[in-house]
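A.B. asks: predicted model and sequence below, questions to follow.
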Amino acid sequence: MRPRTTNAYSDDTIPYDRELIRSGGASRRADRQRRGARPDPSRRSPLRPRRRRRGSFLRTLRTIILLILVAVVVGAVLLFLRGATFNAAVSSAPYPSTALLWDLNGSERVNVLMVGYGGGDHDGAYLADSIQILSIDPSTDTTTTIPIPRDLWIEGIGAFSQNGKVNEVYAVGHGSVAGDEAEKLDAAGGLMAEVLTDVTGLQIDHWLSVDFAGFRDMVDAIGGVTVDNPVAFDYTTIEEFHLRGLWTTGGFAAGEIHLDGDEALAYTRARYTSVVSESTDFARSVRQARVMSAIRASLGTGGLGAIGPGLGLIDALEGRIRTDLSAIDLFLLSGHLSSDRRIDLAEDVALVATTNTIGQYILLPIGWTGAGDYAGLRRYVSDGLEAAAAAQADDSP
């Protein structure tokens, strides 16, 4: 018997793979070695990309878009309904409608009368306390303010048969009809616009009036206003105290001041002041313009950011404002509340001070020859608007 030969190699050291030969290509040992060895990064097959769930993503995107559209539509409907309610409460114009959209994009001036009055339980509740004409030039997108002094004498005007100061015109119009309060205010605004069209030579087709409470609430609705007050002054509301030099009601510091509704109303109305130059109607109109500009600034440049303040103003003005413009037109007009230029009908420049037959202080156009003679005033206004247009052309790049 042949002696058994001992293999000098172990399974791990033999130079060939015995199992590979036996199995015809499959080696358990090789599998064991591969399982025990770390994979070679250079030999790894690339990862197969995960398949995106495209349908799910598109469904989510469609849902988001649908929700946005629903929110926009619902918001638009609510704003429309809110605007309709507001329009019905403050305007004689139908809703939705617009009288200013095309005019403000045309070439002719748009003139809108703004009247402030006491209302409520104030003495002379419907005497106009503030009268201003906004003359808008659509070609340059600028606004010229023309304050009308309350003491301007009206005589010889067909629409106003009795003689009187211009601030009385609003009260006479209010008392000329026997309807409800809205109809009375419509008559007052219409008469004032008609009279001032004749006096100034400007075609005033639209008007807006607000009482003291509405003005106060409007300022409070936007969180107050900040104005730059150049001259410090104290004031009183009693003429006798003014004549005695007692200005104890309140005062306003020079510089930047923040005013709430009551303070803004006092600031714009103060007539009996410790500073002579601040006791005139002209000074009052300048202070009113400062506050109106601050209100306009609070609305920003429009867009979504203006919706909140705009709704606040709507709530404040409902029942306090009356106009022949629709709610849409009021929105369009809001962009023109800031004055680019002013035409002041100042004493000894456009008007002359005198007294009427019962001793009242009144203002007449320079060169007045008698009842109905407002030709000089019309020329002054026309020349002022031409100068404003020329100045705007010079300022343009």
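C.D. replies: Looks like it arrived, so ask away.
A.B. asks: what about the strands in the stretch 101-250 of the chain?
C.D. replies: 110-117, 128-137, 142-147, 153-154, 164-165, 204-211, 225-229, 233-236, 250-252 (DSSP state E, counting those that start in this stretch).
A.B. asks: the ones you listed: which one's closest to residue 290?
C.D. replies: Using Cβ to Cβ as the measure, strand 225-229 is the one of the strands of the stretch 101-250 of the chain that comes nearest residue 290, at 4.4 Å. All C-beta spots, glycine's among them, are computed from the backbone N, C-alpha and C.
A.B. asks: parallel or antiparallel, which strands does that closest one pair with?
C.D. replies: strand 255-259 (antiparallel) (DSSP bridges).
A.B. asks: for the record, mean pLDDT for the partner strand?
C.D. replies: For strand 255-259, the mean per-residue pLDDT is 97.
A.B. asks: could you do stretch 357-375 as well?
C.D. replies: The model assigns stretch 357-375 a mean pLDDT of 95.
A.B. asks: what's the answer for stretch 274-286, then?
C.D. replies: Mean per-residue pLDDT for stretch 274-286: 92.
A.B. asks: again with stretch 203-211
C.D. replies: On average, the pLDDT along stretch 203-211 is 95.
A.B. asks: now it: buried residues?
C.D. replies: Residues 204-211 are the ones in stretch 203-211 that count as buried (16 or more other Cβ atoms under 10 Å).
A.B. asks: re earlier: nearest to residue 345, out of the strands of the stretch 101-250 of the chain?
C.D. replies: Among the strands of the stretch 101-250 of the chain, strand 142-147 comes nearest to residue 345, with 7.1 Å by Cβ to Cβ.
A.B. asks: circling back: rebuild the strands of the stretch 101-250 of the chain as TSV, extending it with distance to residue 329.
C.D. replies: Compiled in TSV, the strands of the stretch 101-250 of the chain are given as follows (distance: least, Cβ to Cβ, whole Å):
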stretch	distance to residue 329
strand 110-117	9
strand 128-137	12
strand 142-147	15
strand 153-154	28
strand 164-165	30
strand 204-211	8
strand 225-229	23
strand 233-236	35
strand 250-252	34
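A.B. asks: quick one, which of these is nearest to residue 319?
C.D. replies: In terms of Cβ to Cβ, the element of the strands of the stretch 101-250 of the chain nearest to residue 319 is strand 204-211, at 9.5 Å.
A.B. asks: returning to that earlier point: closest one to residue 122 out of the buried residues of stretch 203-211, please.
C.D. replies: For the buried residues of stretch 203-211, the nearest to residue 122 is residue 211 (8.5 Å; Cβ to Cβ).
A.B. asks: got any ranges where the stretch 201-350 of the chain has weak pLDDT?
C.D. replies: For the stretch 201-350 of the chain, applying pLDDT under 70 flags the ranges 300-310.
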